[in-house]
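A.B. asks: Take this sequence and fold it.
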Amino acid sequence: MVALTSLSPAPPRPSPTPAPPRRRPPAPRGRTYSPRGGILRAATVTDAAPGPGADDYHSTIRSLNSRGRHVPRKSLGQNYMLNSKVNEELVAAAGVEEGDFVLEIGPGTGSLTAALLEAGATVFAVEKDKHMATLVKDRFGSTERLKIIEEDITKFHIRSHFLPFMKEEYHATKKHAKVVSNLPFNVSTEVVKLLLPMGDVFSIVVLMLQDETAVRLAGASIKTSEYRPINVFVNFYSEPEYKFRVDRENFFPRPKVDGAVISFKLKKAEEYPPVGSAKSFFSMVNSAFNGKRKMLRKSLQHLCSSSEIEAALHNLGLPVTARPSDLTLDDFVRLHNHLVEV
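C.D. replies: Alright, predicted model coming up:
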């Protein structure tokens, strides 16, 4: 991982001059104000937007200032990547190659977008912040392999918009696309739930998440406090793999936690565990974990009587005193199918 160069301290503000009073002069030519309020030296910052390959602290600040001062919005989870090596590794983790179609969520200043385009992909980027969407459009100009949509991904109908982009406008021959994104941390779980059931559209989803979240999604095992319904969901629809950790110093503004890259190899419908209704199955799983410390014979009483649940557990070779954290995905599938038949 490439170490980031520390910034020189901001030059001191000149002492006020005595009367006669003067109007404060404009900032010296070639300088621009950073979102942190300091002044960056003219030798490293200009008013022009960064080029397609630029990717460090100064180019990020320059990019944010290219259309007027813009402060990263905490409410949108805006933390921009400063290390081009990380972007390259993120692209490599997804195996992006010439001719691939990629959905990117929250392109920000376009640093990851540049790496995707450099790899030969056609990129469909969804950006909620209008300012940042315009910034990315300006950065890459009339690039035909990039389409920017100003939309909230959690409200965006991917099949209705992405598939026509991939199949009709560009006459794509590949059946599946990929998702590669430095995801805003505050929407990570919601986006994971949105994307993983889309094995008919995407082959792989590679995301930058909080390190703690990535560890939990990829590695939480039964009989641990980290094991939750989302783990059953993730393994139902995909094969997760923790790839690598990314130190918080690689982001601007620096978050309070480290990031990590995780990949999800999406399963096709015929590879899903055999349940008659996914909706019914996950309803049972969620109900089971609503009483995480309770035995299943109590937390699932709204589905069947305690005696019926005990009988089902016994017939499946599971303890009648089992709690939700004791069951694997396969155990939940067998229990659901048994109770449905009852």
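A.B. asks: Now do stretch 257-272: distance from first to last residue.
C.D. replies: End-to-end distance for stretch 257-272: 34 Å, by Cα to Cα, to the nearest Å.
A.B. asks: Can you give me the domain assignment for this protein?
C.D. replies: 58-271, 278-341 (the TED database).
A.B. asks: could you redo these as a markdown table and give each row mean pLDDT and mean neighbour count?
C.D. replies: Any C-beta I mention is one placed from the backbone N, CA and C, and that applies to glycine too. Formatted as a markdown table, these follow (pLDDT from 0 to 100; neighbours: other Cβ atoms under 10 Å):
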| stretch | mean pLDDT | mean neighbour count |
| --- | --- | --- |
| domain 58-271 | 87 | 19 |
| domain 278-341 | 93 | 17 |
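A.B. asks: What's the separation between the one residue sitting closest to the centre of the chain and Val192?
C.D. replies: The centre of the chain sits closest to Leu183, judged by Cα atoms, centre = their mean, with a distance of 2.7 Å. For Leu183, the distance to Val192 equals 9 Å [Cβ to Cβ, to the nearest Å].
A.B. asks: shared neighbours, these two?
C.D. replies: Here Leu183 and Val192 have Leu207 as joint contacts, going by Cβ atoms under 8 Å, 6 or more residues apart in numbering.
A.B. asks: residue boundaries of the strands in the stretch 101-250 of the chain?
C.D. replies: Applying DSSP state E, counting those that start in this stretch to the stretch 101-250 of the chain gives strands spanning 101-105, 122-127, 146-150, 177-182, 202-210, 238-246.
A.B. asks: Distance to Ala322 added to these, as JSON lines?
C.D. replies: Shown next, in JSON lines, are the strands of the stretch 101-250 of the chain (distance: least, Cβ to Cβ, whole Å):
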{"stretch": "strand 101-105", "distance to Ala322": "38"}
{"stretch": "strand 122-127", "distance to Ala322": "42"}
{"stretch": "strand 146-150", "distance to Ala322": "46"}
{"stretch": "strand 177-182", "distance to Ala322": "36"}
{"stretch": "strand 202-210", "distance to Ala322": "30"}
{"stretch": "strand 238-246", "distance to Ala322": "24"}
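A.B. asks: Which one of the ones you listed lies nearest to Val275?
C.D. replies: Val275 lies closest to strand 238-246 among the strands of the stretch 101-250 of the chain, at 16.0 Å (Cβ to Cβ).
A.B. asks: what sits up against that closest one?
C.D. replies: Contacts of strand 238-246 (Cβ under 8 Å, 6+ apart): 1, 83, 86, 89, 93, 196, 199, 205-206, 208, 211, 214-215, 217-219, 234, 258-267.
A.B. asks: what distance separates that strand from the centre of its chain?
C.D. replies: 12 Å (Cα atoms, centre = their mean, to the nearest Å).
A.B. asks: I'd like to know how far the residue nearest to the centre of the chain sits from Pro197.
C.D. replies: 17 Å.
A.B. asks: wait, doesn't Val201 sit right on Lys167?
C.D. replies: No - taking Cβ atoms under 8 Å as the definition, Val201 is not a contact partner of Lys167, at 10.4 Å.
A.B. asks: ok now do Arg149, which residues does it touch?
C.D. replies: Slight slip there: residue 149 is Ile, not Arg. So Ile149 contacts 124-127, 133, 156, 161 (Cβ under 8 Å, 6+ apart).
A.B. asks: what residues do Val201 and Lys167 have in common as contacts?
C.D. replies: Going by Cβ under 8 Å, 6+ apart, no residue sits against Val201 while also sitting against Lys167.
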